[in-house]
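Enquirer: Next input, structure requested:
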Amino acid sequence: MKIQEVPTFELEDGTVLHDLEQAYTLQGELNERGDNLVVIFHALTGGPRPEEWWEGVVGPGTPLDPNEFAILTPNLLGSCYGTTWRRTESPNLRPQITTRDMARLVRLLVDSLRVERVALAVGGSLGGMIALEWAATFPELTRETVVFAAPAAHTAQAIAWNHVQREAVELGGAAGLRLARKIAMISYRTAAELQERFGRRPQGDGRFQIQSYLDHHGDKLLERFEIQSYLRLLDAMDLHDIGRGRGGSVAALSHFQGRLTGVGIPGDLLYSDADVRAWTDPVGAEYRTIESPHGHDAFLIEIEQVNEILEGVLDRVRGRRAHRERGAQTVPMTL
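Expert: Take a look at the predicted model:
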(Lines give C-alpha, C1' and ligand atoms only; values in the text may rest on other atoms or scores of the structure.)
Protein backbone atom coordinates (compact mmCIF):
# COMPACT_ATOMS: atom_id res chain seq x y z
CA MET A 1 0.00 0.00 0.00
CA LYS A 2 1.16 3.50 -0.84
CA ILE A 3 0.24 6.89 0.61
CA GLN A 4 -0.34 10.24 -1.08
CA GLU A 5 0.03 13.17 1.31
CA VAL A 6 -2.48 16.01 0.81
CA PRO A 7 -1.85 18.99 3.17
CA THR A 8 -5.41 20.33 2.97
CA PHE A 9 -8.56 19.19 1.22
CA GLU A 10 -11.84 21.10 1.26
CA LEU A 11 -15.10 19.17 1.13
CA GLU A 12 -18.18 20.38 -0.70
CA ASP A 13 -19.78 21.51 2.56
CA GLY A 14 -16.83 23.80 3.40
CA THR A 15 -15.12 21.45 5.82
CA VAL A 16 -11.32 21.51 5.52
CA LEU A 17 -9.38 18.31 6.23
CA HIS A 18 -5.75 18.79 7.24
CA ASP A 19 -2.81 16.41 6.82
CA LEU A 20 -4.81 13.99 4.75
CA GLU A 21 -3.19 10.74 3.69
CA GLN A 22 -4.82 8.95 0.76
CA ALA A 23 -4.02 5.25 0.77
CA TYR A 24 -3.90 3.32 -2.48
CA THR A 25 -2.39 0.39 -4.33
CA LEU A 26 -0.82 0.57 -7.77
CA GLN A 27 -0.31 -2.80 -9.42
CA GLY A 28 1.65 -2.94 -12.65
CA GLU A 29 3.45 -0.05 -14.31
CA LEU A 30 2.46 2.88 -16.46
CA ASN A 31 3.66 2.53 -20.03
CA GLU A 32 5.68 5.20 -21.81
CA ARG A 33 2.58 6.92 -23.16
CA GLY A 34 0.88 6.82 -19.77
CA ASP A 35 -2.32 5.57 -21.40
CA ASN A 36 -2.79 2.22 -19.63
CA LEU A 37 -4.09 3.39 -16.24
CA VAL A 38 -7.19 1.68 -14.83
CA VAL A 39 -8.88 3.22 -11.79
CA ILE A 40 -11.01 0.94 -9.61
CA PHE A 41 -13.46 2.40 -7.10
CA HIS A 42 -14.36 -0.06 -4.34
CA ALA A 43 -17.79 -0.62 -2.82
CA LEU A 44 -19.05 0.19 0.69
CA THR A 45 -16.86 -2.16 2.73
CA GLY A 46 -14.24 -2.89 0.08
CA GLY A 47 -10.70 -1.60 0.12
CA PRO A 48 -7.61 -0.77 -1.92
CA ARG A 49 -6.65 -4.40 -2.61
CA PRO A 50 -9.15 -5.42 -5.33
CA GLU A 51 -7.69 -8.90 -5.78
CA GLU A 52 -9.15 -9.68 -2.33
CA TRP A 53 -12.76 -8.79 -3.20
CA TRP A 54 -12.74 -9.06 -7.01
CA GLU A 55 -10.72 -12.24 -7.37
CA GLY A 56 -10.65 -13.42 -10.96
CA VAL A 57 -11.23 -9.90 -12.31
CA VAL A 58 -7.98 -8.32 -11.14
CA GLY A 59 -4.59 -10.05 -11.33
CA PRO A 60 -2.35 -11.94 -13.75
CA GLY A 61 -4.33 -13.66 -16.48
CA THR A 62 -7.51 -11.66 -15.81
CA PRO A 63 -8.99 -8.77 -17.81
CA LEU A 64 -7.45 -6.27 -15.39
CA ASP A 65 -3.99 -7.76 -15.66
CA PRO A 66 -1.15 -5.74 -14.07
CA ASN A 67 1.16 -7.10 -16.76
CA GLU A 68 -0.78 -4.99 -19.27
CA PHE A 69 -2.40 -2.23 -17.21
CA ALA A 70 -1.43 -0.09 -14.25
CA ILE A 71 -4.23 -0.83 -11.76
CA LEU A 72 -4.88 2.04 -9.34
CA THR A 73 -7.23 1.38 -6.43
CA PRO A 74 -7.57 4.15 -3.84
CA ASN A 75 -9.10 3.71 -0.41
CA LEU A 76 -12.09 6.01 -0.63
CA LEU A 77 -12.32 9.10 1.54
CA GLY A 78 -14.24 8.14 4.68
CA SER A 79 -13.31 4.47 4.54
CA CYS A 80 -11.09 2.86 7.17
CA TYR A 81 -8.47 1.04 5.11
CA GLY A 82 -5.70 3.61 5.21
CA THR A 83 -7.09 6.98 4.11
CA THR A 84 -7.01 9.30 7.13
CA TRP A 85 -6.72 12.93 8.17
CA ARG A 86 -5.42 14.48 11.38
CA ARG A 87 -7.52 17.60 11.89
CA THR A 88 -10.84 18.97 10.73
CA GLU A 89 -12.07 22.56 10.45
CA SER A 90 -15.78 22.52 9.81
CA PRO A 91 -18.57 25.09 9.63
CA ASN A 92 -21.04 22.26 10.23
CA LEU A 93 -21.77 20.17 13.29
CA ARG A 94 -21.64 16.99 11.20
CA PRO A 95 -19.28 17.31 8.22
CA GLN A 96 -20.46 15.32 5.25
CA ILE A 97 -18.34 13.57 2.65
CA THR A 98 -19.95 13.17 -0.77
CA THR A 99 -19.22 10.91 -3.72
CA ARG A 100 -18.15 14.10 -5.51
CA ASP A 101 -15.56 14.74 -2.77
CA MET A 102 -14.29 11.18 -3.18
CA ALA A 103 -13.90 11.58 -6.94
CA ARG A 104 -12.09 14.91 -6.55
CA LEU A 105 -9.59 13.43 -4.10
CA VAL A 106 -8.81 10.52 -6.42
CA ARG A 107 -8.21 13.04 -9.23
CA LEU A 108 -5.33 14.47 -7.17
CA LEU A 109 -3.82 10.99 -7.10
CA VAL A 110 -4.16 10.51 -10.86
CA ASP A 111 -2.63 13.94 -11.45
CA SER A 112 0.32 13.02 -9.23
CA LEU A 113 1.00 10.11 -11.62
CA ARG A 114 1.08 12.62 -14.51
CA VAL A 115 -1.59 10.72 -16.40
CA GLU A 116 -3.47 12.84 -18.90
CA ARG A 117 -6.05 10.25 -19.93
CA VAL A 118 -7.30 7.27 -17.92
CA ALA A 119 -7.95 4.13 -19.96
CA LEU A 120 -10.76 2.80 -17.76
CA ALA A 121 -12.61 3.82 -14.61
CA VAL A 122 -14.77 1.12 -13.06
CA GLY A 123 -16.74 0.44 -9.90
CA GLY A 124 -19.81 -1.27 -8.51
CA SER A 125 -22.48 -0.12 -6.05
CA LEU A 126 -20.90 2.78 -4.10
CA GLY A 127 -17.88 2.42 -6.39
CA GLY A 128 -20.22 2.72 -9.36
CA MET A 129 -21.68 5.93 -7.97
CA ILE A 130 -18.20 7.39 -7.74
CA ALA A 131 -17.40 6.21 -11.26
CA LEU A 132 -20.46 8.16 -12.45
CA GLU A 133 -19.32 11.22 -10.50
CA TRP A 134 -15.89 10.76 -12.04
CA ALA A 135 -17.38 10.86 -15.54
CA ALA A 136 -19.54 13.90 -14.75
CA THR A 137 -16.89 15.88 -12.86
CA PHE A 138 -13.98 15.18 -15.22
CA PRO A 139 -15.67 14.56 -18.59
CA GLU A 140 -12.44 14.74 -20.61
CA LEU A 141 -10.30 12.48 -18.44
CA THR A 142 -11.38 8.88 -19.10
CA ARG A 143 -11.81 6.85 -22.27
CA GLU A 144 -14.07 4.15 -20.84
CA THR A 145 -16.21 4.14 -17.70
CA VAL A 146 -18.07 1.04 -16.55
CA VAL A 147 -20.65 1.30 -13.78
CA PHE A 148 -21.98 -1.85 -12.15
CA ALA A 149 -25.30 -1.76 -10.28
CA ALA A 150 -25.46 1.93 -9.38
CA PRO A 151 -28.06 4.70 -9.83
CA ALA A 152 -27.48 8.28 -10.92
CA ALA A 153 -29.03 9.39 -7.63
CA HIS A 154 -29.74 7.40 -4.49
CA THR A 155 -33.32 6.19 -4.54
CA ALA A 156 -35.91 6.51 -1.78
CA GLN A 157 -35.82 2.77 -1.13
CA ALA A 158 -32.02 2.76 -0.89
CA ILE A 159 -32.16 5.71 1.52
CA ALA A 160 -34.70 3.74 3.57
CA TRP A 161 -32.36 0.72 3.79
CA ASN A 162 -29.54 3.02 4.91
CA HIS A 163 -31.76 4.82 7.42
CA VAL A 164 -32.55 1.56 9.21
CA GLN A 165 -28.87 0.56 9.21
CA ARG A 166 -27.77 3.97 10.48
CA GLU A 167 -30.29 3.90 13.29
CA ALA A 168 -29.15 0.41 14.28
CA VAL A 169 -25.54 1.61 14.50
CA GLU A 170 -26.40 4.79 16.41
CA LEU A 171 -28.51 2.88 18.92
CA GLY A 172 -26.32 -0.18 19.32
CA GLY A 173 -22.70 0.76 18.69
CA ALA A 174 -20.70 -2.34 17.80
CA ALA A 175 -23.77 -4.58 18.15
CA GLY A 176 -25.59 -2.10 15.94
CA LEU A 177 -22.94 -2.37 13.23
CA ARG A 178 -23.34 -6.13 13.36
CA LEU A 179 -27.11 -5.72 12.94
CA ALA A 180 -26.66 -3.18 10.13
CA ARG A 181 -24.60 -5.68 8.18
CA LYS A 182 -27.35 -8.30 8.53
CA ILE A 183 -29.88 -5.80 7.21
CA ALA A 184 -27.59 -4.96 4.31
CA MET A 185 -27.05 -8.61 3.42
CA ILE A 186 -30.80 -9.08 3.01
CA SER A 187 -30.81 -6.23 0.48
CA TYR A 188 -27.78 -7.63 -1.38
CA ARG A 189 -29.35 -11.01 -2.17
CA THR A 190 -32.67 -12.18 -3.58
CA ALA A 191 -35.52 -14.04 -1.92
CA ALA A 192 -35.20 -16.83 -4.48
CA GLU A 193 -31.51 -17.36 -3.72
CA LEU A 194 -32.04 -17.40 0.03
CA GLN A 195 -34.91 -19.85 -0.33
CA GLU A 196 -32.83 -22.12 -2.56
CA ARG A 197 -29.73 -22.00 -0.34
CA PHE A 198 -31.36 -22.13 3.09
CA GLY A 199 -35.11 -22.61 2.91
CA ARG A 200 -36.40 -23.57 6.36
CA ARG A 201 -33.51 -25.90 7.07
CA PRO A 202 -32.45 -25.94 10.73
CA GLN A 203 -29.02 -26.35 12.26
CA GLY A 204 -28.01 -28.62 15.08
CA ASP A 205 -28.74 -25.90 17.62
CA GLY A 206 -32.33 -25.59 16.41
CA ARG A 207 -31.82 -22.23 14.71
CA PHE A 208 -32.47 -21.75 11.01
CA GLN A 209 -29.48 -21.78 8.64
CA ILE A 210 -30.39 -18.34 7.30
CA GLN A 211 -29.99 -16.93 10.82
CA SER A 212 -26.51 -18.39 11.10
CA TYR A 213 -25.62 -17.00 7.66
CA LEU A 214 -26.60 -13.47 8.68
CA ASP A 215 -24.82 -13.78 12.04
CA HIS A 216 -21.65 -14.88 10.24
CA HIS A 217 -21.62 -11.83 7.98
CA GLY A 218 -22.39 -9.50 10.87
CA ASP A 219 -19.50 -10.92 12.90
CA LYS A 220 -17.08 -10.68 9.96
CA LEU A 221 -17.79 -7.01 9.35
CA LEU A 222 -17.51 -6.20 13.04
CA GLU A 223 -14.00 -7.63 13.04
CA ARG A 224 -12.75 -5.54 10.11
CA PHE A 225 -14.69 -2.28 9.85
CA GLU A 226 -15.05 0.93 11.88
CA ILE A 227 -18.38 2.32 13.01
CA GLN A 228 -17.72 5.94 12.02
CA SER A 229 -16.50 4.92 8.57
CA TYR A 230 -19.66 2.93 7.99
CA LEU A 231 -21.82 5.91 8.96
CA ARG A 232 -19.81 8.34 6.79
CA LEU A 233 -20.13 6.10 3.76
CA LEU A 234 -23.87 5.56 4.29
CA ASP A 235 -24.26 9.35 4.38
CA ALA A 236 -22.23 9.72 1.18
CA MET A 237 -24.42 7.19 -0.59
CA ASP A 238 -27.60 8.98 0.49
CA LEU A 239 -26.21 12.32 -0.74
CA HIS A 240 -25.25 10.82 -4.10
CA ASP A 241 -26.87 12.68 -6.99
CA ILE A 242 -24.76 13.38 -10.07
CA GLY A 243 -27.38 15.84 -11.33
CA ARG A 244 -27.24 18.03 -8.23
CA GLY A 245 -26.35 21.56 -9.27
CA ARG A 246 -25.88 20.44 -12.88
CA GLY A 247 -29.40 20.53 -14.25
CA GLY A 248 -30.09 16.84 -13.70
CA SER A 249 -28.28 13.60 -14.45
CA VAL A 250 -28.70 13.77 -18.22
CA ALA A 251 -27.11 17.21 -18.34
CA ALA A 252 -24.38 16.06 -15.95
CA LEU A 253 -23.36 13.16 -18.20
CA SER A 254 -23.92 14.87 -21.53
CA HIS A 255 -20.43 16.39 -21.48
CA PHE A 256 -18.62 13.10 -20.93
CA GLN A 257 -16.18 12.59 -23.79
CA GLY A 258 -15.53 8.88 -23.32
CA ARG A 259 -17.62 5.73 -23.65
CA LEU A 260 -20.01 5.03 -20.78
CA THR A 261 -21.39 1.58 -19.92
CA GLY A 262 -24.00 0.83 -17.27
CA VAL A 263 -24.55 -2.71 -16.01
CA GLY A 264 -27.85 -3.67 -14.42
CA ILE A 265 -28.78 -6.82 -12.52
CA PRO A 266 -32.39 -8.00 -12.96
CA GLY A 267 -33.70 -8.89 -9.52
CA ASP A 268 -31.37 -6.49 -7.67
CA LEU A 269 -33.34 -5.38 -4.60
CA LEU A 270 -31.04 -2.47 -3.82
CA TYR A 271 -30.51 -0.80 -7.21
CA SER A 272 -32.79 -2.34 -9.80
CA ASP A 273 -31.88 -2.74 -13.45
CA ALA A 274 -34.53 -0.06 -14.08
CA ASP A 275 -32.50 2.34 -11.90
CA VAL A 276 -29.52 1.76 -14.19
CA ARG A 277 -31.61 2.08 -17.38
CA ALA A 278 -32.95 5.38 -16.01
CA TRP A 279 -29.58 7.00 -16.73
CA THR A 280 -28.12 4.84 -19.51
CA ASP A 281 -31.04 5.25 -21.93
CA PRO A 282 -31.40 9.06 -21.84
CA VAL A 283 -27.68 9.68 -22.35
CA GLY A 284 -27.15 6.97 -24.97
CA ALA A 285 -24.81 4.91 -22.78
CA GLU A 286 -24.29 1.24 -23.48
CA TYR A 287 -26.44 -0.99 -21.27
CA ARG A 288 -25.48 -4.52 -20.27
CA THR A 289 -26.93 -7.00 -17.81
CA ILE A 290 -25.64 -9.64 -15.45
CA GLU A 291 -28.09 -12.53 -15.22
CA SER A 292 -27.91 -14.04 -11.77
CA PRO A 293 -30.02 -15.35 -8.90
CA HIS A 294 -27.70 -13.52 -6.48
CA GLY A 295 -29.13 -10.01 -6.82
CA HIS A 296 -27.01 -6.96 -6.08
CA ASP A 297 -23.88 -8.91 -5.15
CA ALA A 298 -23.80 -10.50 -8.61
CA PHE A 299 -21.15 -8.02 -9.75
CA LEU A 300 -18.86 -9.57 -7.13
CA ILE A 301 -19.92 -13.16 -7.77
CA GLU A 302 -20.62 -13.65 -11.49
CA ILE A 303 -16.98 -13.28 -12.48
CA GLU A 304 -17.36 -14.80 -15.94
CA GLN A 305 -20.05 -12.31 -16.94
CA VAL A 306 -18.16 -9.39 -15.39
CA ASN A 307 -15.03 -10.38 -17.30
CA GLU A 308 -16.92 -10.67 -20.58
CA ILE A 309 -18.17 -7.09 -20.18
CA LEU A 310 -14.76 -5.76 -19.22
CA GLU A 311 -12.96 -7.61 -22.02
CA GLY A 312 -15.26 -6.00 -24.57
CA VAL A 313 -14.55 -2.57 -23.13
CA LEU A 314 -10.79 -3.18 -22.96
CA ASP A 315 -10.75 -4.37 -26.57
CA ARG A 316 -11.97 -0.90 -27.50
CA VAL A 317 -9.21 0.63 -25.37
CA ARG A 318 -6.62 -1.57 -27.10
CA GLY A 319 -8.04 -0.72 -30.51
CA ARG A 320 -7.75 3.02 -29.91
CA ARG A 321 -4.23 2.59 -28.58
CA ALA A 322 -3.20 0.59 -31.65
CA HIS A 323 -4.76 3.24 -33.90
CA ARG A 324 -2.79 5.99 -32.18
CA GLU A 325 0.43 4.00 -32.43
CA ARG A 326 -0.11 3.38 -36.13
CA GLY A 327 -0.77 7.07 -36.61
CA ALA A 328 2.44 7.98 -34.81
CA GLN A 329 4.40 5.66 -37.07
CA THR A 330 2.90 7.01 -40.30
CA VAL A 331 5.02 9.58 -42.11
CA PRO A 332 2.91 11.80 -44.38
CA MET A 333 4.04 11.99 -48.00
CA THR A 334 4.97 15.30 -49.53
CA LEU A 335 4.67 16.16 -53.19
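Enquirer: the helices in the stretch 101-250 of the chain, which residues?
Expert: 126-137, 156-188, 191-197, 209-224, 227-239, 249-253 (DSSP state H, counting those that start in this stretch).
Enquirer: Please identify the most buried of these.
Expert: Most buried of the helices of the stretch 101-250 of the chain by mean neighbour count (mean count of other C-beta atoms under 10 Å) is helix 126-137; its value is a mean of 27. Any C-beta I mention is one placed from the backbone N, CA and C, and that applies to glycine too.
Enquirer: centre of the chain versus that one, how much separation?
Expert: 8 Å (C-alpha atoms, centre = their mean, to the nearest Å).
Enquirer: Stretch 68-81 too?
Expert: Here the centre of stretch 68-81 is set off from its chain's centre by 10 Å, with C-alpha atoms, centre = their mean.
Enquirer: okay, how far is it across that stretch, tip to tip?
Expert: 26 Å (C-alpha to C-alpha, to the nearest Å).
Enquirer: for stretch 117-129, same thing?
Expert: First-to-last residue span, stretch 117-129, C-alpha to C-alpha: 20 Å.
Enquirer: just checking, Ala192 touches Leu269?
Expert: No. The pair Ala192 and Leu269 does not pass the contact test of C-beta atoms under 8 Å, sitting 11.0 Å apart.
Enquirer: sorry, back to before: export the helices of the stretch 101-250 of the chain as TSV, with columns for distance to Pro63 and mean pLDDT.
Expert: Below are the helices of the stretch 101-250 of the chain laid out as TSV (distance: least, C-beta to C-beta, whole Å; pLDDT from 0 to 100):
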stretch	distance to Pro63	mean pLDDT
helix 126-137	16	98
helix 156-188	23	98
helix 191-197	26	97
helix 209-224	27	97
helix 227-239	27	98
helix 249-253	24	97
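Enquirer: Looking at those, spot the one closest to Leu77.
Expert: With C-beta to C-beta, the closest approach to Leu77 among the helices of the stretch 101-250 of the chain belongs to helix 227-239: 8.4 Å.
Enquirer: one step back: please identify which of the helices of the stretch 101-250 of the chain is closest to Glu304.
Expert: helix 191-197 (17.5 Å).
Enquirer: Chain neighbours aside, what residue packs nearest to Arg320?
Expert: Spatial nearest neighbour of Arg320, chain neighbours left out: Arg143 (6.7 Å); criterion: C-beta to C-beta, 6 or more residues apart in numbering.
Enquirer: can you give me the strands in the stretch 201-335 of the chain?
Expert: 259-264, 286-289 (DSSP state E, counting those that start in this stretch).
Enquirer: can you redo those strands as a markdown table with mean pLDDT, mean neighbour count and distance to Pro91?
Expert: What follows is the strands of the stretch 201-335 of the chain, written out as a markdown table (pLDDT from 0 to 100; neighbours: other C-beta atoms under 10 Å; distance: least, C-beta to C-beta, whole Å):
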| stretch | mean pLDDT | mean neighbour count | distance to Pro91 |
| --- | --- | --- | --- |
| strand 259-264 | 98 | 23 | 35 |
| strand 286-289 | 98 | 16 | 41 |
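Enquirer: and Trp161, which of these is closest to it?
Expert: Each of the strands of the stretch 201-335 of the chain was scored for nearness to Trp161 using C-beta to C-beta, and the closest is strand 259-264 (18.0 Å).
Enquirer: what's in contact with that closest one?
Expert: Contact with strand 259-264 is made by 135, 143-150, 253, 272-277, 279-280, 283, 285-290, 299, 309, 313, 316, as judged by C-beta atoms under 8 Å, 6 or more residues apart in numbering.
Enquirer: mind listing what that strand pairs with, with the direction of each?
Expert: Paired strands of strand 259-264, with direction, are strand 142-148 (parallel), strand 286-289 (parallel) (DSSP bridges).
Enquirer: Any chance of CSV for those strands, columns distance to Gly47?
Expert: Shown next, in CSV, are the strands paired with strand 259-264 (distance: least, C-beta to C-beta, whole Å):
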stretch, distance to Gly47
strand 142-148, 17
strand 286-289, 26
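Enquirer: Out of these, flag the one nearest Ala131.
Expert: The nearest among the strands paired with strand 259-264, by C-beta to C-beta, is strand 142-148 at 5.0 Å.
Enquirer: Quick one: residues contacting the closest residue in space to Thr155 that isn't next to it in sequence.
Expert: The shortest distance from Thr155 to any non-neighbouring residue, by C-beta to C-beta, 6+ apart, is to Asp275 (6.1 Å). Asp275 is in contact with 151, 155, 264, counting by C-beta under 8 Å, 6+ apart.
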